[in-house]
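Q: I'll drop the sequence and a predicted model, then ask my questions.
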2 protein chains.
Amino acid sequence: MTTIPFISIGTIRSSHTIAASTPIQPVYAEDCLGSVELRPEFADGLADIEGFSHLYLIYHLHQAPPPQLRVKPFLQDQEHGIFATRAPCRPNPIGMSLVRLLRREGAVLHLVGVDILDGTPLLDLKPYSPRYDAVIDPRGGWTDAVDDATARQLGRRDFRPHETPPPPAAQLGT
Amino acid sequence: MTTIPFISIGTIRSSHTIAASTPIQPVYAEDCLGSVELRPEFADGLADIEGFSHLYLIYHLHQAPPPQLRVKPFLQDQEHGIFATRAPCRPNPIGMSLVRLLRREGAVLHLVGVDILDGTPLLDLKPYSPRYDAVIDPRGGWTDAVDDATARQLGRRDFRPHETPPPPAAQLGT
């Protein structure tokens, strides 16, 4: 099969060094600081980025397990198709996170809400635009059946020793 | 530079065959039907996708011009850094569109809001989750200075002969 080659345009930095304990989504990493270190030759492409409050990071899930077409996501002990989840074991291991931009320092973007492993190669970043990206009245499929408190606990990987640990599938992402 | 190889997992079908007249964002393609034809070997990964109203398509901008670090986006006759826009001439030509799912037929997803060229290779698709993807109080940077009516007219490429045509930069995407 023909491949489509992309390059790493920079590196994502975070305090997360173990996939199994990295928060699952930015909404559960609201206190997780991190950064993008863009390759210096692309820094000029960041002009005017400071005006946006949120950015989509698109990145290579470089530590993803091999692809699986059905997974048990972290939120639910039931199998779903990989494309109905955000689990990393996708045919193309591409991750996407919507993070908040705190400030820019040259080629470095300081971010919060970083649910991404330290050292992850960045493929692209795009500004969040309220005009294009706000969805009115969405339906969240099987995730609508999971209550917010459970989702939050599982997503943050907030388990104290006396609590039931998450199922092994929790290592797979959403 | 090391490259990261991805594959095409399917093809996006639409009525748009010319880049310069393709709507710029799904919000300006709300009447544009289209579909994803997933490669049959990945069809099982679509299980339970029907429950989601919206999907992110991540795709290869296969007809993108060579990368430029500064562009004049379609919305404004002023230069901005490529990463502060959605223009296709990015270091990695990766596009992202948030589209509405109408129905599934086997390996085919019928969609509306398709602002994508016919024949575009699909890299990934992810469900839109209201829990993760809704942003409260976002700032849209330089795009906040463009009024909605202008954005809509430029985005739809709705120009009648007696009107001023869009500037050439309108071919560059957002």
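A: Cool, got the structure.

Q: I'd assumed A:L102 was in contact with A:E50.
A: No: using Cβ atoms under 8 Å, A:E50 makes no contact with A:L102, being 10.0 Å away. Every residue, glycine included, has its C-beta placed from N, CA and C.

Q: which element, helix or strand, includes A:S97?
A: strand A:94-105 (DSSP states H and E).

Q: okay, that strand in PDB with CA atoms only?
A: Extracted in PDB, the C-alpha atoms of strand A:94-105 (Å, rounded to 0.1, in the frame of the first residue of the first chain):
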ATOM      1  CA  ILE A  94      -2.900  10.100  14.600                       C
ATOM      2  CA  GLY A  95      -3.900  11.900  17.800                       C
ATOM      3  CA  MET A  96      -5.800  15.100  18.100                       C
ATOM      4  CA  SER A  97      -6.200  17.300  21.300                       C
ATOM      5  CA  LEU A  98      -7.900  20.600  21.800                       C
ATOM      6  CA  VAL A  99      -5.700  22.500  24.200                       C
ATOM      7  CA  ARG A 100      -5.700  26.000  25.700                       C
ATOM      8  CA  LEU A 101      -2.900  28.400  24.600                       C
ATOM      9  CA  LEU A 102      -1.300  30.300  27.500                       C
ATOM     10  CA  ARG A 103       1.400  32.200  25.700                       C
ATOM     11  CA  ARG A 104       4.100  32.000  23.000                       C
ATOM     12  CA  GLU A 105       7.800  32.400  23.500                       C
END
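
Q: quick one: is the following helix or strand past that strand near chain B?
A: Where DSSP H and E defines the elements, the next helix or strand beyond strand A:94-105 is strand A:108-112. No: Strand A:108-112 does not reach chain B (Cβ under 8 Å from any Cβ of the partner chain); its nearest approach is 9.1 Å.

Q: what's stretch A:15-32 in contact with?
A: A:14, A:33-34, A:63, A:74, A:86, A:88, A:97-100, A:112-118, A:152, A:154-157, A:170-171, A:173-174, B:131-132 (Cβ atoms under 8 Å, 6 or more residues apart in numbering or on different chains).

Q: hang on, I meant stretch A:108-116
A: Residues from elsewhere that reach stretch A:108-116 (Cβ under 8 Å, 6+ apart): A:12, A:14, A:16, A:22-38, A:46, A:49, A:55, A:57, A:59, A:95, A:97-104, A:125.

Q: pull out the buried members of these.
A: Buried members of the contacts of stretch A:108-116, counted by 16 or more other Cβ atoms under 10 Å in any protein chain shown: A:12, A:14, A:16, A:22-29, A:32, A:34-36, A:38, A:46, A:49, A:55, A:57, A:59, A:95, A:97-101, A:104, A:125.

Q: the residues you listed in strands, which ones?
A: Among the buried ones among the contacts of stretch A:108-116, DSSP state E puts A:12, A:14, A:34-36, A:38, A:55, A:57, A:59, A:95, A:97-101, A:104, A:125 in strands.

Q: and the residues you listed near chain B, which?
A: Okay, of these touching chain B (Cβ under 8 Å from any Cβ), that's A:98, A:125.
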